[in-house]
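Colleague: got a sequence here, can you model it:
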Amino acid sequence: MSKFNSYVKWFVPFIALLLVLAGCQTVGGLDVNKALLGDLDVKSAEASTTFSLNLVPAPGISAEDQERVDLINSFSLNVGRIKLQDNGNVSAAGAVTFKQLNLPFTLFMDKEAVVFTVEGAKSPFYYPIEDYSALLGEEGLDPEKAQKISKLLTTFVVNNLPNPSAISVSPVTESVYGEQVNLTKLHAEVTGDQLPGLVKSFLQSVSKDTEGFKQLIGGLYDYLIPVIKEAGEGSGDPLDLGFGDTIPWEDKEGIVTVAHDAAKLAVDAVLLVYNKQLEEMYEDSPELRTVLSKNTKLQADIFIDSALHVRKQNIDLIVALPASEDLPLKSVSFKAQSETWNINGPVTADSISKEGALNISSTQLTPGQTLRSFDSNSNAYRILKEDIGITKRSLYIEPDDEYYYPVVKGNTTMIPLRYLAKDMDATVEWSKATRQTIVTDDLSGKKAYFKVGSNVAEVNGVKVKLAQPVFVDEYGDTYVPLRVLAQALQATVKIDSDGWIIVDRK
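Modeller: Reported below is the predicted structural model:
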């Protein structure tokens, strides 16, 4: 199993762990469901948020892994001003901290694009938001209907999730954006070993919630059927739900009933084998017993005002991790804090012009293009090049490699020019006038010229004698001396004891 799959396997339960808190019923006179659902009606607001994480290394961690841990622990995000405008526009201004370097940024999003700037960037960047009206039609894009579906789904989930065992409510006075506000503090705690029982209780509640389930499916029907019809479907043939019978598209009650019964049947089937499947999961992945243990703990303090709006949140999550060579960590913790003010008040998002901005959706930026988008003296440039290492490349070529097909001539290793250049982010052009192949280094923009049959190349304006002349093989690939091409692309070449060729660029 890959490292990525291992991480996913461990971290999926954490998402569910976070969601559990949304299911609190009335506690100490506070209707927590209404409080958590109250924010769905917020159309405008201002907010701030901070986020940080901390990795705790396992005993005996290597110096190299400790360096990586320290690097990750240096990361934090602080967004000092988020503005949600009532028309849906959003702006944010904040900073990312990394290795004690502060990297300020701003962001703006409307219905057309996401535009953002980073200190040190020579121009803003933007990513257009595709217009789906041609695919979905105006019915599918109706924001009021979309909001209604969001409310139905959130209400359904919130109403059926159970209370965690540790939960309390108390009156407090807290500072929110510099103002002292009388609030109700909801404190809740959940540990990893409680999660399987909470999930089972949620499924049992869902199975019994016929009214809520049907309301959700009915809402989905109201939203999706016009979209499907506008797309040209559903105008003639009845709907086949896969149970042998067909139902006319216009029969909302029939479709909702059949869909609910099928969904309830699926939930009940899961419940019948829930405990058995849980034990099998533990047997197949025993490391989950560490993750889903008392050492994994979520604590949340949620501060709610008299209008049942969440004004402040403090979230602490500690996740215990099993011993692993791939992941030499004892635990990882996340901390998030946020404040919200000016709820449903006059808010104007701070727009950022797209004029002169770099469209990052239509262009897949190479490392060189990315770095050239920033001032070379900026923190962003240093982080990208030195810490993240976006220019680093390491290619491993077998002696009989079936991709590169290296050829040795007179003790000189020859390599297909185009393949190596591509993997090193360089561009390759053919000059019909001079009958030369031109390779442009991605990082420096410097050029190298090779001509078939010639044992002389030009690299960055300097003539270079080649140990073997350039040639074209039977498949039409142009071969050049490996070391000359690698040096032109700022890389080094080594050959290990097994004959593997290592092309490395720092």
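
Colleague: hang on, Val79 in a strand?
Modeller: Yes - counting by DSSP: H, G, I helix; E, B strand; the rest coil, one finds Val79 located in a strand.

Colleague: who does the nearest residue to it once chain neighbours are set aside form a beta bridge with?
Modeller: Spatial nearest neighbour of Val79, chain neighbours left out: Gly94 (3.5 Å); criterion: C-beta to C-beta, 6 or more residues apart in numbering. Every C-beta, even on glycine, is put in place using the N, C-alpha and C of the backbone. Under DSSP bridges, the beta-bridge partners of Gly94 are Val79, Phe105.

Colleague: ok, now Ser394?
Modeller: Going by DSSP bridges, Ser394 forms beta bridges with Asp504.

Colleague: before we move on, the earlier item: what's around the residue nearest to Val79, how many residues?
Modeller: 18 (other C-beta atoms under 10 Å).

Colleague: does it touch Leu77 like I think?
Modeller: Yes - using C-beta atoms under 8 Å, Gly94 makes contact with Leu77 at a distance of 6.8 Å.

Colleague: per-residue pLDDT, Pro248?
Modeller: Pro248 is assigned a pLDDT of 78 by the prediction.

Colleague: if I look at it, how far off is Val199?
Modeller: 37 Å (C-beta to C-beta, to the nearest Å).

Colleague: neighbour-wise, which of these two wins?
Modeller: Val199 (20 against 12).

Colleague: can you tell me the SS state at the more buried one?
Modeller: Val199 is classified as helix under three-state DSSP.

Colleague: then Gly499?
Modeller: Secondary structure for Gly499, judged by three-state DSSP, is coil.

Colleague: gap between the closest residue to it other than its chain neighbours and Thr413?
Modeller: Closest residue in space to Gly499, ignoring its immediate chain neighbours: Pro399 at 4.3 Å, by C-beta to C-beta, 6+ apart. Between Pro399 and Thr413 the distance, using C-beta to C-beta, works out to 9 Å.

Colleague: which residues do these two both contact?
Modeller: Shared contacts of Pro399 and Thr413, defined by C-beta atoms under 8 Å, 6 or more residues apart in numbering, comprise Pro406, Ile501.

Colleague: between those two, which one's more packed in?
Modeller: Thr413 (20 against 12).

Colleague: tell me how far the residue nearest to Gly499 lies from Tyr419.
Modeller: Separation of Pro399 from Tyr419 (C-beta to C-beta): 16 Å.

Colleague: do Ser351 as well
Modeller: Going from Ser351 to Tyr419 by C-beta to C-beta gives 45 Å.

Colleague: equivalent analysis for Leu365, please.
Modeller: Using C-beta to C-beta, Leu365 is found at 21 Å from Tyr419.

Colleague: ok, His309 next?
Modeller: 59 Å.

Colleague: please apply the same query to Asp305.
Modeller: 62 Å.

Colleague: would you map the strands across the stretch 51-200 of the chain?
Modeller: Counting by DSSP state E, counting those that start in this stretch, one finds strands in the stretch 51-200 of the chain at the ranges 76-84, 90-98, 101-109, 113-118, 125-128, 166-176, 179-191.

Colleague: how about the fifth one: buried residues?
Modeller: Pointing back at strand 125-128 there. Neighbour counts over strand 125-128 (16 or more other C-beta atoms under 10 Å) mark Phe125, Tyr126, Tyr127 as buried.

Colleague: what's the answer for the longest one, then?
Modeller: Using 16+ other C-beta under 10 Å as the burial criterion, the residues of strand 179-191 that qualify are Val181, Leu183, Thr184, Lys185, Leu186, Ala188, Glu189, Val190, Thr191.

Colleague: which of Ser351 and Tyr419 has more residues huddled nearby?
Modeller: Taking other C-beta under 10 Å, Ser351 and Tyr419 do not tie; Tyr419 has more neighbours (17 against 13).

Colleague: hang on, the more buried one is in a strand, isn't it?
Modeller: No - remark: Tyr419 does not belong to a strand; assigned using three-state DSSP, it is helix.

Colleague: roughly how far apart are the residue nearest to it when sequence neighbours are not counted and Asp423?
Modeller: Spatially, and ignoring its direct neighbours in sequence, Tyr419 is nearest to Tyr404 (5.7 Å; C-beta to C-beta, 6+ apart). Applying C-beta to C-beta, the value for Tyr404 to Asp423 is 9 Å.

Colleague: these two: which is more packed in?
Modeller: More neighbours surround Tyr404 than the other of Tyr404 and Asp423, with 20 against 15 (other C-beta under 10 Å).

Colleague: what kind of secondary structure is the more buried one in?
Modeller: coil.

Colleague: now swap in Ala467 and tell me
Modeller: Look at Ala467: counting by three-state DSSP, its state is coil.

Colleague: now it: how far from Asp251?
Modeller: 79 Å.

Colleague: same deal with Ile438?
Modeller: Shown here: Ile438 relative to Asp251, a distance of 66 Å by C-beta to C-beta.

Colleague: tell me if Val332 really is in a helix.
Modeller: No - judged by three-state DSSP, Val332 forms no part of a helix; its state is strand.

Colleague: hang on, isn't it packed against Thr296?
Modeller: No - look at Val332 against Thr296 with C-beta under 8 Å: they stay out of range, at 10.0 Å.

Colleague: so what sits against both of these two?
Modeller: Ile318, Val319.

Colleague: any idea how many residues pack against Leu485?
Modeller: Around Leu485 there are 26 residues (other C-beta under 10 Å).

Colleague: may I have the predicted confidence score for Val55?
Modeller: If you look again at residue 55, you'll see it is Leu, not Val. Model confidence at Leu55 (pLDDT) stands at 94.

Colleague: who touches Ser454 in this structure?
Modeller: Leu466, Pro469, Val470.
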